[in-house]
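Chemist: Sequence first, predicted model second:
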Amino acid sequence: MLKRHTNIALIYFFLIAFLGVMLRIFPIVDMPVNYRFIVHTHSHIALLGWVYTGLTTLIYFAFLKSAAVRKRYRIIFWFTQITIIGMLVTFPFTGYALFSIIFSSLFLLASYWFVYFFFKHCPATLKKKPSYKLVKISLWYMVISSLGPWALGAIMNTAGSGSPWYRNAIYFFLHFQYNGWFIVALCGIFLFVFEQKSYTLSRKVFTPFYYLLNGGVVLTFFLSLLWMHPNWSFYLLALLGGVMQLISFGMLFRAVYARAMSIFKEMSSLVKTSVWMAILFLFVKLCAQILGSFPVISDTVFTNLDMIISYIHWVFLGLVSVLLMAFLYQFQLMKLSLSRLYFYIAGFFLTELLIFSRGMAAIAGIEMTSYLHLLIGIASLWLLIAIALILAGQLSLKD
């Protein structure tokens, strides 16, 4: 069952890569599609299709498979998939309209259903583990993030889409999705893997890590408000949040490195490579957050779409997607070779380099050539081929 669910998640991954190629070649190829509608489809299926389906599959495997709830979980799963497919077939043609909004709203209700299901049926023995505490708070972040989409309707009817509140509602959703739900849940799965090998983070280490991490998640939301040029205190709170997160992950890395490296060394080369790459991606992200809390940096980034996209992709395609695939592989839910992982990472780095370079060129006032748009399109195609190869290998795996 869970291998089929992984297949579905990877199909979404392939589809968002295909849509990504369309978006990249849009400036150089005339296509009979609405660019803005494709952006909406791309972003929704990325977050709610690939990552949500992959993460909930991991959470079910780690915390719920021992409970006799398989049939009830399947109902939740397939209801959720109907809502995602509904968004997939409505957003490209209508954008934000009646049916796409209905399916988006139903998805949020389905996610609440999963959260309730998890809290109710997770075995009591697992609820004492640090991994459970991280997954639990990550699910609450997912619920909190949904306040952003719910608020959009009221904002549209009152202040309109041009209002700062509209933009902030979107940033609120994205922040607590990426920094709360995605990353904190993956930290929980990371600790679960070690707990399965008889290593549990001590309370002395876990308690300060937990509070620093979550304090950082909340405070770094202020980074999303800096485009409004608020009071200096917002910049200070954003900086404090970034520093708290850097310290928290430093504590986690030190604890694991000092006491659990022997366990880590026993893991497969693919998982070890993925974790080391994820550490690199995370370190760059944490540094970017701290730098972004300074006015001169935030003012530059928020006026440069390529810099924003580069940062979002760094977290989504780098940190989140690499770890997601590694943990699915660790739980034997996914077939993945080291060569295909390297091919994916190479495509990821190439697209990041080119998009970041285009952003830097705009900052420096350098005129961009049409060749750069073409190169970004080719790099996106590389990434699509890499994901297609990963999906093809997965579909050959028997359930």
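Modeler: Great, that's in hand.
Chemist: which stretches of the protein have low pLDDT?
Modeler: Applying pLDDT under 70 to the chain flags residues 67, 369-370, 397-399.
Chemist: what sits against residue 185?
Modeler: With contacts taken as Cβ atoms under 8 Å, 6 or more residues apart in numbering, residue 185 has the following neighbours: 55, 58, 59, 134, 135, 138, 139. Where C-beta positions appear, they are placed from N, C-alpha and C, glycine not excepted.
Chemist: for the residue lying closest to residue 264 once chain neighbours are set aside, helix, strand, or coil?
Modeler: In space, residue 264 comes closest to residue 272 once its chain neighbours are excluded; the distance is 6.7 Å by Cβ to Cβ, 6 or more residues apart in numbering. Going by DSSP: H, G, I helix; E, B strand; the rest coil, the secondary structure assigned to residue 272 is helix.
Chemist: rewinding a little: now, which of the contacts of residue 185 lie within helices?
Modeler: Residues from the contacts of residue 185 lying in helices, with DSSP state H as the criterion: 55, 58, 59, 134, 135, 138, 139.
Chemist: any chance of those in CSV, plus neighbour count and distance to residue 333?
Modeler: As requested, the ones in helices among the contacts of residue 185 are arranged in CSV below (neighbours: other Cβ atoms under 10 Å; distance: Cβ to Cβ, whole Å):
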residue, neighbour count, distance to residue 333
55, 25, 12
58, 27, 8
59, 21, 12
134, 26, 20
135, 26, 17
138, 24, 19
139, 25, 20
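Chemist: Check the burial of residue 301 by counting its neighbours.
Modeler: One way to gauge burial is a neighbour count; for residue 301, by other Cβ atoms under 10 Å, it gives 21.
Chemist: element containing the residue nearest to it when sequence neighbours are not counted, please.
Modeler: Beyond its immediate neighbours in the sequence, the residue positioned closest to residue 301 (Cβ to Cβ, 6+ apart) is residue 307, lying 4.8 Å away. When elements are assigned from DSSP states H and E, residue 307 belongs to helix 305-313.
Chemist: That helix packs against which elements?
Modeler: helix 295-301, helix 338-364 (3 or more Cβ pairs under 8 Å, 6 or more residues apart in numbering; DSSP states H and E).
Chemist: Need the winner for burial among these.
Modeler: Relative to the other members of the helices and strands packed on helix 305-313, helix 338-364 carries the highest mean neighbour count by mean count of other Cβ atoms under 10 Å, namely a mean of 17.
Chemist: And the next helix or strand past it?
Modeler: Heading towards the C-terminus - elements assigned by DSSP H and E - helix 338-364 is followed by helix 370-395.
Chemist: Pull out the buried residues from that following helix.
Modeler: When burial is assessed from 16 or more other Cβ atoms under 10 Å, helix 370-395 yields the following buried residues: 373, 375-384, 386-387, 389-391, 394.
Chemist: from the contacts of residue 185, which is closest to residue 202?
Modeler: Checking the contacts of residue 185 against residue 202 with Cβ to Cβ, the nearest one is residue 134 at 14.9 Å.
Chemist: nearest residue to that closest one other than its sequence neighbours?
Modeler: Distance criterion Cβ to Cβ, 6+ apart; nearest residue to residue 134, sequence neighbours excluded, is residue 188 at 3.3 Å.
Chemist: for that neighbour, what are its contacts?
Modeler: Residue 188 sits in contact with 130, 131, 132, 133, 134, 135, 138, where contact means Cβ under 8 Å, 6+ apart.
Chemist: Swap in 7 Å and give it another go.
Modeler: Under the criterion of Cβ atoms under 7 Å, 6 or more residues apart in numbering, the contact list for residue 188 reads 131, 134, 135, 138.
Chemist: so who does residue 246 touch?
Modeler: Contacts here follow Cβ under 7 Å, 6+ apart; on that basis residue 246 touches 286, 290.
Chemist: Any figure for the gap between it and residue 310?
Modeler: Using Cβ to Cβ, to the nearest Å, we find residue 246 at a distance of 20 Å from residue 310.
Chemist: now residue 288: how far from residue 185?
Modeler: Remark: distance between residue 288 and residue 185 (Cβ to Cβ) = 21 Å.
Chemist: What of residue 296?
Modeler: When distances are taken as Cβ to Cβ, residue 296 and residue 185 turn out to be 34 Å apart.
Chemist: for residue 377, same thing?
Modeler: For residue 377, the distance to residue 185 - Cβ to Cβ - is 33 Å.
Chemist: Check whether residue 194 really touches residue 261, as I assumed.
Modeler: No - at 10.8 Å, residue 194 does not count as touching residue 261 under the criterion of Cβ atoms under 7 Å.
Chemist: Having no further points to raise, I will conclude here.
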